[in-house]
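J.: Sequence and predicted structure are below.
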Amino acid sequence: MKRSYIPVALLLAVLMLNIIATQYMVHQYFYQNYTNTIIAAVVNVILFPVAFLIYKKGVMVND
Amino acid sequence: MSDKNNKIPFNEDNYTHNINRNNERKLDRRGFMKTLVGAAGVFAVSSLPWGVLAAKELGGLGDKKYPKQKIADLNSVAVGDAVDFHFPGEHDSAILIRLSEKKFVAYQNACTHLRCPVFWQKDEGDLLCPCHHGKFDVETGAPTAGPPRRPLPEIHVKVENGVVYAVGVKRYEA
Ligand code: FES
């Protein structure tokens, strides 16, 4: 039962991307670049299933 | 991690001695990952309203309809000249610039910094705000220098039968 911390690192990276995308989204909204706002929102939404998959993989393989 | 909870203190019918609660509050790797996934979920859900609002703006719900309004006769504006006018309301001052034979641009001329009027500088080819020396690109209305950070709201113009009309505002925010 050797546990790997790679999924943890990946999830932290996802969280970082989430923060960046959210900040970008809010700013672009107030700068009235609505296309960029939508792109950032979509990135944020897609990151959730990505995070979930990383979690699933990490738990099943290593625990 | 002592074994104290695993010992049967004395011999009796004890129904709880074998419940190991030692690690109950420890945030282990799995729990930490669950938290991170949850955080990603919160981020995802909370970006939805922003996306919806932005989509609405793009979809033109923010675009109000205004009756078209005559700005000037085609021949009265020389190439490179500017005309001041008011659109859509009589207190919304705006500026029309003739860039070439065919090309007109018009903007709401309140500077996006502190709403001073913006002037057309023919020799420099810039829209200049004298208050704090803000500058705007004449082709797009985007700020190029000084304090303004947002573009000037663009007014759509149309040339019909030798007359220049204002037909709509890209977006106007007070
Ligand atoms: S009001 Fe135009 S630059 Fe400050």
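T.: That came through, no problem.

J.: C-alpha only now, for contacts and for neighbours.
T.: Fine.

J.: Show me what counts as buried in the longest helix along chain A.
T.: Ranked by residue count, the top helix of chain A under DSSP state H comes out as helix A:34-62. Buried residues in helix A:34-62, defined by neighbour count with 16 or more other Cα atoms under 10 Å in any protein chain shown: A:34-38, A:40-45, A:47-48, A:50-52, A:54-55, A:58-59.

J.: quick one: pLDDT of whichever residue of chain A sits closest to chain B?
T.: Nearest residue of chain A to chain B: residue A:45, at 4.2 Å (Cα to the nearest Cα). With respect to pLDDT, residue A:45 scores 95.

J.: show me what contacts it?
T.: Residue A:45 sits next to B:41, B:43, B:44, B:45, B:47, B:48 when contact means Cα atoms under 8 Å, 6 or more residues apart in numbering or on different chains.

J.: What subset of the residues you listed is buried?
T.: Among the contacts of residue A:45, those classed as buried by 16+ other Cα under 10 Å are B:41, B:43, B:44, B:47, B:48.

J.: Any idea how far stretch B:32-40 is from the middle of the chain?
T.: Relative to its chain's centre, stretch B:32-40 lies at 30 Å (Cα atoms, centre = their mean, to the nearest Å).

J.: Now look at it and say if it contacts chain A.
T.: Yes. Applying Cα under 8 Å from any Cα of the partner chain, one finds stretch B:32-40 in contact with chain A at B:33, B:34, B:36, B:37, B:39, B:40.

J.: which of the residues you listed tops the neighbour count?
T.: With neighbours taken as other Cα atoms under 10 Å in any protein chain shown, the top of the residues of stretch B:32-40 next to chain A is residue B:40, carrying 29 neighbours.

J.: Kindly indicate whether that residue is helix, strand or coil.
T.: Here residue B:40 is recorded as helix under DSSP: H, G, I helix; E, B strand; the rest coil.
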